[in-house]
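[1] build the 3D model from these lines:
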Amino acid sequence: MADTPSPLQPLDEDWQRALCIVAHPDDMEFGAAAAVARWTGQGKTVVYCMVTSGEAGIDGLSPDECRSVREAEQVASAQVVGVDVVEFLGLPDGVLEYGVPLRRELAGVVRRHRPEIVVTGNFRDTWGGRNLNQADHIAVGRAVVDAVRDAGNRWVFNEQLVDGLEPWGGVREVWAFGSPDSTHAVDTTATFDAGVESLKAHAAYIDGLGWENWDPREFLEGMARGTGTRLGVAFAAPFEVFPMGWGD
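    Predicted structure coming up:
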């Protein structure tokens, strides 16, 4: 008999500013856009940062063509869930590497936006079972956790501290959505439809995948219903929580 999945705990939503850092346009929409819609609906400020522009994501478009299409789709998608600021770092899609250069770039983003919560995507090796994760997701997620720590240390990447930019050690937690090791979740029942519409905004990308008869709503329901059962609601989004305080 299969083990019954353990219950999930509600996320702490006592905060006002979040920064979402992911590898590609569409990453948020495949796992956390409905949660973002909930938070912006509560009056919270959420900013998106795309490490790449997803320019290697559509086989039928050259990277230069694809970049502008995917950036435009991401901006429109973010607006659906109440996000007005979308930053593109322009790093190369498909070949991101974990290391000091990526940490430096992301520490600068954290210092500029000064969030209380940082959201990223699953950076475990798999999505659970045999479904392997993608290299860019793993590199970015690992770098996010380290960059959040770096951002609070005056003596790490201190060349950034000019023109009034200061260290920022105010990030309380990093949340990785879609992780197979998730222990927490957020109720997205009321904002699930917004999450679906946000994913649909990536029409060119979805069409380029060539998935026959693929339905965004059906796909998102698959995860949201199972997670919701573990939280005791209809729909929910799962997160692995990484406390950033000393000793946590």
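
[2] for the host helix or strand of Ala139, buried residues please.
    Here Ala139 sits within helix 135-151, counting by DSSP states H and E. By 16 or more other CB atoms under 10 Å, the buried positions in helix 135-151 come out as 136-151. (C-beta placed from N, C-alpha, C; glycine too.)

[3] CA atoms only: put that helix into CSV for me.
    Output in CSV follows, covering the C-alpha atoms of helix 135-151 (Å, rounded to 0.1, in the frame of the first residue of the first chain):
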residue,chain,number,x,y,z
ALA,A,135,19.8,22.2,-15.2
ASP,A,136,18.9,26.0,-15.3
HIS,A,137,16.3,25.5,-12.5
ILE,A,138,18.8,23.7,-10.3
ALA,A,139,21.6,26.3,-10.9
VAL,A,140,19.3,29.2,-10.2
GLY,A,141,17.6,27.8,-7.1
ARG,A,142,20.9,26.9,-5.5
ALA,A,143,22.3,30.3,-6.3
VAL,A,144,19.3,32.1,-4.9
VAL,A,145,19.7,30.5,-1.5
ASP,A,146,23.4,31.5,-1.4
ALA,A,147,22.8,34.9,-2.9
VAL,A,148,20.3,35.8,-0.2
ARG,A,149,23.0,35.2,2.4
ASP,A,150,25.5,37.0,0.3
ALA,A,151,23.3,40.1,0.0
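
[4] who does the helix or strand just after that helix touch, helix- and strand-wise?
    Per DSSP H and E, the first helix or strand lying C-terminal to helix 135-151 is strand 173-177. Using 3 or more CB pairs under 8 Å, 6 or more residues apart in numbering; DSSP states H and E, the elements in contact with strand 173-177 are strand 117-121, helix 135-151, strand 236-243.

[5] turn those into a markdown table, columns for distance to Asp12 and mean pLDDT.
    Formatted as a markdown table, the helices and strands packed on strand 173-177 follow (distance: least, CB to CB, whole Å; pLDDT from 0 to 100):
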| stretch | distance to Asp12 | mean pLDDT |
| --- | --- | --- |
| strand 117-121 | 9 | 98 |
| helix 135-151 | 16 | 98 |
| strand 236-243 | 9 | 98 |
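
[6] and the strands in the chain?
    For the chain, the strands defined by DSSP state E cover 9-10, 17-22, 45-50, 86-88, 117-121, 173-177, 184-187, 236-243.

[7] looking at these, which is buried most?
    Between the strands of the chain, strand 117-121 has the highest mean count of neighbours, a mean of 28, where neighbours are mean count of other CB atoms under 10 Å.

[8] just checking: what are the partner strands of that strand?
    Looking at strand 117-121 with DSSP bridges, its partner strands are strand 17-22 (parallel), strand 173-177 (parallel).

[9] which outside residues touch the helix or strand of the chain with the lowest mean pLDDT?
    Across the helices and strands of the chain, mean pLDDT, DSSP states H and E gives its lowest value to helix 203-209, namely a mean of 93. For helix 203-209, contacts defined as CB atoms under 8 Å, 6 or more residues apart in numbering pick out 25-26, 54, 57-61, 69-70, 73, 199-200, 214, 216.

[10] any buried residues in that helix, and which?
    Ala204, Tyr205, Ile206, Gly208.

[11] tabulate the helices and strands packed on strand 173-177 in TSV, adding columns for distance to Leu106.
    Compiled in TSV, those are given as follows (distance: least, CB to CB, whole Å):
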stretch	distance to Leu106
strand 117-121	9
helix 135-151	4
strand 236-243	14
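
[12] Pro180 is nearest to which of those?
    strand 236-243 (8.4 Å; CB to CB).

[13] mind putting the buried residues of helix 203-209 into TSV with distance to Gly43?
    Shown next, in TSV, are these (distance: CB to CB, whole Å):
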residue	distance to Gly43
Ala204	32
Tyr205	30
Ile206	31
Gly208	36
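
[14] tell me where the model's unsure across the protein.
    Where the chain drops to pLDDT under 70, the residues are 1-3, 246-248.

[15] Arg126 is in contact with Asn133, isn't it?
    For residue 126 the amino acid is Thr, not Arg. Yes - the criterion here is CB atoms under 8 Å, and Thr126 meets it with Asn133 at 5.8 Å.
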